[in-house]
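>>> Here's my sequence, what's the structure:
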Amino acid sequence: MGVVQDIPLLQTTCDIWDKIQNFQAREDDILIASFPKAGSMWVQEIMDLILLNGDIKKSMRAPCFLKVPFIDLNAAPLPSVEAANGMESPRIIKTHLPLQLIPPSFWEKNVKVIYVARNAKDSMVSYFYFQKMNKMLPDPGTWNEYFSKFLAGNVPWGSWFDHVIGWWRAKDKHQILFVFYEDMIEDPKREIRKISQFLGKELTEEVLDIIQHHTSFDIMKENPMANLSTLPSFVIDQSISPFIRKGKVGDWRNHFLVVQNALFDEEYMKKMKGVGLNFRNEL
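The predicted structure follows:
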């Protein structure tokens, strides 16, 4: 692990930090931002289909990680800055960076941003399993060890609290749409419509239904273009845990000890007081 402005990042990301900061955004780019394991892969598939007017065949042209370059990741075979530079417009670009580390050109070009937010408890559980199976990330250790690391912000891309608060406070200064994972689970079609309108696309009910079906949990779990099954096991080892794992709200209840839940709630109240950002831990 490395560190940039007190944020823990993968060393491979730190190695190309100048390239990331000097990345040149375009006015018609769309940036999808989130803390890890908030549902950004789900939303990027939705965004791709919105831009394609629901054309499933075109959406299956390549795996999700090739269609949407992840600019703050620097690990073969996943494309990063260079891949994004060579793409035709309009580009969908992905980042897990906190607001203060976003390349300045995104703000200079007034790029539209969709920020995907998920409640902290489910985010922690999902990230724990992701770190176990993703060989690019540090081993998370035991659940008890990871609980302490996550709460302290000692995980790749830093503190969940600082991340969501930073983006939330910027949402009225830039073109930022906040999308909540829990809202997506509750009423996916409503949220797909909201995203399409934000992107300036008015889609028919029929097309919205097609997008909802194709990006449903069961379809995406079996879709090789979305489930990362095209990546070798030395990168993503899905024998440890599937990439598309449960897609539930409230799975944290199966992992948090009573004392951990009390500790977490105390920290949450401290950090989130007065922010005006409300999450649902269950539906």
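
>>> the bottom helix or strand of the chain by mean pLDDT?
Using mean pLDDT, DSSP states H and E, the weakest-scoring helix or strand in the chain turns out to be helix 217-222, at a mean of 74.

>>> Whatever helix or strand comes next after that helix - what's its average pLDDT?
Going down the chain from helix 217-222, the next helix or strand is helix 258-272, by DSSP states H and E. Mean pLDDT, helix 258-272: 96.

>>> What of stretch 164-180?
In this model, stretch 164-180 has a mean pLDDT of 96.

>>> residues of it that come out buried?
For stretch 164-180, the buried set under the neighbour-count rule, 16 or more other C-beta atoms under 10 Å, comprises 164, 165, 166, 167, 168, 170, 174, 176, 179, 180. All C-beta atoms are positioned from the backbone trio N, CA, C, and that covers glycine.

>>> where along the stretch 101-250 of the chain do the strands fall?
112-117, 176-180 (DSSP state E, counting those that start in this stretch).

>>> and these as a markdown table, adding distance to residue 275?
What follows is the strands of the stretch 101-250 of the chain, written out as a markdown table (distance: least, C-beta to C-beta, whole Å):
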| stretch | distance to residue 275 |
| --- | --- |
| strand 112-117 | 12 |
| strand 176-180 | 12 |
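
>>> closest to residue 133 out of those strands?
strand 112-117 (20.6 Å; C-beta to C-beta).

>>> what packs against the closest one?
Judged by 3 or more C-beta pairs under 8 Å, 6 or more residues apart in numbering; DSSP states H and E, strand 112-117 is in contact with strand 30-34, helix 40-51, helix 160-170, strand 176-180, helix 188-198.

>>> try it again with 10 Å
For strand 112-117, the packing partners by 3 or more C-beta pairs under 10 Å, 6 or more residues apart in numbering; DSSP states H and E come out as strand 30-34, helix 40-51, strand 92-95, helix 105-108, helix 160-170, strand 176-180, helix 181-186, helix 188-198.

>>> Relative to it, what are the paired strands and their orientations?
Strand 112-117 has its sheet partners listed here by DSSP bridges as strand 30-34 (parallel), strand 176-180 (parallel).

>>> Relative to the whole chain's centre, how far out is it?
Its chain's C-alpha centre and that of strand 112-117 lie 9 Å apart, by C-alpha atoms, centre = their mean, to the nearest Å.

>>> Kindly report the same for stretch 119-138.
On C-alpha atoms, centre = their mean, the centre of stretch 119-138 falls 12 Å from that of its chain.

>>> can you check stretch 116-123 too?
Distance of stretch 116-123 from its chain centroid, counting by C-alpha atoms, centre = their mean, is 10 Å.

>>> Quick one: low-confidence residue ranges for the stretch 101-250 of the chain.
Scanning the stretch 101-250 of the chain for pLDDT under 70 picks out 221, 223-246.

>>> redo that, cut-off 90
By pLDDT under 90, the low-scoring segments of the stretch 101-250 of the chain are 129-138, 214, 216-250.

>>> pretty sure residue 109 is touching residue 30, no?
No - counting by C-beta atoms under 10 Å, residue 109 stays clear of residue 30, with 11.3 Å between them.

>>> More neighbours: which of those two?
residue 30 (23 against 14; other C-beta atoms under 10 Å).

>>> And that one, how close does it get to residue 162?
Distance, residue 30 to residue 162, by C-beta to C-beta, to the nearest Å: 24 Å.

>>> Same question for residue 154.
For residue 154, the distance to residue 162 - C-beta to C-beta - is 12 Å.

>>> Overlap of the contact sets of these two?
Residues touching both residue 154 and residue 162 (C-beta atoms under 10 Å, 6 or more residues apart in numbering): there are none.

>>> more crowded one of these two?
More crowded of residue 154 and residue 162, by other C-beta under 10 Å: residue 162, with 18 against 14.
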